[in-house]
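1. Prediction below, plus the sequence it came from.
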Amino acid sequence: QVQLVESGGGLVLAGGSLRLSCAVSGRTFSSYAMGWFRQAPGKEREFVAAWSGGFTYYSDSVKGRFTISRDNAKNTVYLQMNSLKPEDTAVYYCAADPGLLLQGHYSDSEEYDYWGQGTQVTVSS
C-alpha cells in the first residue's frame, strides 16, 4: 500500500514563501507521476502542479510562483511556493499515480490513485 504524508503547511503573510513536502512510501517512487492539488473552503479541488515523465506542469494561477520538485533518493516531492497570495489559502494535497500522466490527464484528480491527508496553507493579507 502506498502512503503519502504531507508537511510544511502553515500561516504566512502575503508575499511570503512556504515549502510543502510529501513523503511517499513505495519502492517504485521514481516512476510515479506526482501531483499537488488544493481545495479552498466552498470550492472544488483544483490542480496546482504535477511532475510526470520528467516534465513539470503548472496551473496558470501558480505558474512562475510555485515550483514542483522531487528527490527520488528520499521518496519525497516538494512544492516551493513563493510570492504567496491570500487566494492561495487552501488545504494542499499530494497525489501519486504509478503510471505516466500526459496532457489532459495530469491535472485530473481522478487519474491519481493515492492521496495524502492534506496540509493547511493560510496566507494573510
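-> Sure, I can see it.

2. Show the contacting residues for the residue nearest to the spatial centre of the chain.
-> Closest to where the C-alpha atoms of the chain average out (Cα atoms, centre = their mean) is W36, at 2.0 Å. Shown in contact with W36 (Cβ atoms under 8 Å, 6 or more residues apart in numbering): 20, 22, 48-50, 68, 77, 79, 92-95. All C-beta atoms are positioned from the backbone trio N, CA, C, and that covers glycine.

3. Could you do L102 as well?
-> Shown in contact with L102 (Cβ under 8 Å, 6+ apart): 52-53.

4. mind checking the SS state of it?
-> coil (DSSP: H, G, I helix; E, B strand; the rest coil).

5. picking that back up, give me the nearest residue to the residue nearest to the centre of the chain, chain neighbours excluded.
-> V48 (4.3 Å; Cβ to Cβ, 6 or more residues apart in numbering).

6. Distance of that neighbour relative to Q1?
-> According to Cβ to Cβ, to the nearest Å, V48 and Q1 sit 25 Å apart.

7. for K74, same thing?
-> Distance from K74 to Q1, counting by Cβ to Cβ: 19 Å.

8. Comparing those two, which residue is more hemmed in?
-> Taking other Cβ atoms under 10 Å, K74 and Q1 do not tie; K74 has more neighbours (12 against 5).

9. Kindly confirm my reading that the more buried one is in a strand.
-> No - applying three-state DSSP, one finds K74 to be coil, outside a strand.

10. What pLDDT is listed against it?
-> The model reports K74 with a pLDDT of 94.

11. got the contact list for it?
-> Contacts for K74 (Cβ under 8 Å, 6+ apart) come out as A23.

12. Check the secondary structure at K63 for me.
-> coil.

13. list the contacts for it?
-> If you count contacts by Cβ under 8 Å, 6+ apart, then K63 has nothing around it.
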